[in-house]
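Participant: Sequence plus the predicted model coming up.
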Amino acid sequence: MPGISLIELVSKELGLTAPDVPLYKRLKSAIEAAIRSNAVKAGAVLPGERVLAESLSLSRVTVRKALALLEEEGLLNRRHGFKTEVGSRVEKSMSTLTSFSEDIRARGMVAGCVWISKHISRPSPTEMMALGLSANANVIRMKRVRTADGAPIAVETSTVPTRFLPSPDLVRDSLYEALEARGFMPQRAIQRMRSRAATSEDARHLHCEVGAPLLMTERRCFLPDEQIVEYCETRYKGDVYDFVFELQR
């Protein structure tokens with residue numbers, strides 16, 4: 001049954017944790033390690049409090065406190081009277097340039113997209129400034145809902161000058177794969193991030209409430225010769241996407 005392997009993993013992790021740490025925090029860390037290693041997939045149902053407590057020889061209070069911490073961090077989804085499921089939060093490192101598809105696959109989920117539109121157009125004023133283009137240039141503008149295991153995660157609008165990508169039909173699920181095939185793979189990016197409330201259009205695409213918190217990023221991607229190959233605006237659901245920063249002095 002699904003709970004047995006998790007209990008074995010957690011039991012092993014508990015044996016590796018420092019004994020001077022409170023037991024509920026050790027249990028929380030052990031379950032978290034199993035989730036982050038993808039040994040337990042997003043959407044998997046955890047055994048109940050009683051089963052976990054009896055199998056690990058712990059009190060139900062200890063188990064309940066550990067699960068509550070995991071729920072606070074978005075790693076578990078719990079509702080009164082329902083089962084506890086592994087959450088579908090996605091971690092995005094800000095120290096490396098990766099595509100959405102790469103991030104989702106690294107989490108052990110299947111990346112997908114639902115196309116809203118993709119066409120050749122003149123650049124908007126924002127795109128002109130971001131890409132360094134004139135008003136009469138041509139760009140490919142692609143808007144889509146990005147999904148993880150079929151669930152909507154973000155709304156993404158990517159704009160690429162046609163000198164790098166002459167036709168939107170060249171892009172299937174991954175823009176970066178299409179750019180790489182033409183020898184224009186981005187090598188670095190400058191990205192800014194801010195919060196915003198979901199509009200009615202965002203809410204429709206992301207299956208959230210109007211006004212729900214979103215994380216919005218604006219990214220300019222560069223080729224090795226410093227040409228700007230892509231400008232991308234992405235609106236992420238705030239309850240499923242975490243951005244991780246590594247800071248050093």
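Facilitator: That came in fine, so what should we check first? Residues are numbered from 1 along each chain as shown.
Participant: Following element in sequence after the helix or strand in which Ser11 is found, please.
Facilitator: Using DSSP states H and E, the element containing Ser11 is helix 2-16. Counting by DSSP H and E, the next helix or strand C-terminal to helix 2-16 is helix 23-36.
Participant: looking only at pLDDT, what's the mean for that next one?
Facilitator: Averaged across helix 23-36, the pLDDT comes to 84.
Participant: Could you pull out the buried residues of the next helix or strand after it?
Facilitator: The C-terminal neighbour of helix 23-36 among helices and strands, as given by DSSP H and E, is helix 49-56. Of all the residues in helix 49-56, those buried under the rule 16 or more other CB atoms under 10 Å are Glu49, Leu52, Ala53, Ser55, Leu56. Where C-beta positions appear, they are placed from N, C-alpha and C, glycine not excepted.
Participant: all strands in this protein, in order from the N-terminus.
Facilitator: Shown for the chain, the strands assigned by DSSP state E span residues 76-77, 85-86, 90-93, 111-121, 139-148, 151-161, 188-197, 213-222, 228-237, 241-244.
Participant: now the fourth one: mean pLDDT?
Facilitator: Spelled out, that is strand 111-121. What strand 111-121 shows for mean pLDDT is 93.
Participant: domains in this protein, as residue ranges please.
Facilitator: Domain assignment for the chain by the TED database gives 6-86, 90-244.
Participant: mean pLDDT lowest for which of the ones you listed?
Facilitator: Here those differ in mean pLDDT, and the lowest is domain 6-86 at a mean of 81.
Participant: So His58 sits against Leu27, correct?
Facilitator: One thing to correct before we go on: residue 58 is Leu, not His. Yes: between Leu58 and Leu27 there is a contact at 6.7 Å, judged by CB atoms under 8 Å.
Participant: what about the two, which has more around it?
Facilitator: A direct count of neighbours by other CB atoms under 10 Å for Leu58 and Leu27 places Leu27 higher, at 26 against 18.
Participant: so how far is Leu56 from the more buried one?
Facilitator: 7 Å (CB to CB, to the nearest Å).
Participant: what residues are shared contacts of the two?
Facilitator: Val10, Leu14, Val63 (CB atoms under 8 Å, 6 or more residues apart in numbering).
Participant: Tell me the one of the residues you listed nearest Arg172?
Facilitator: Distance to Arg172, by CB to CB, is smallest for Val10 among the shared contacts of Leu27 and Leu56, at 39.8 Å.
Participant: Find the nearest non-adjacent residue to the closest one, please.
Facilitator: The shortest distance from Val10 to any non-neighbouring residue, by CB to CB, 6 or more residues apart in numbering, is to Ala30 (4.5 Å).
Participant: need the contact list for the one you found.
Facilitator: Leu9, Val10, Ser11, Glu13, Leu14, Thr17.
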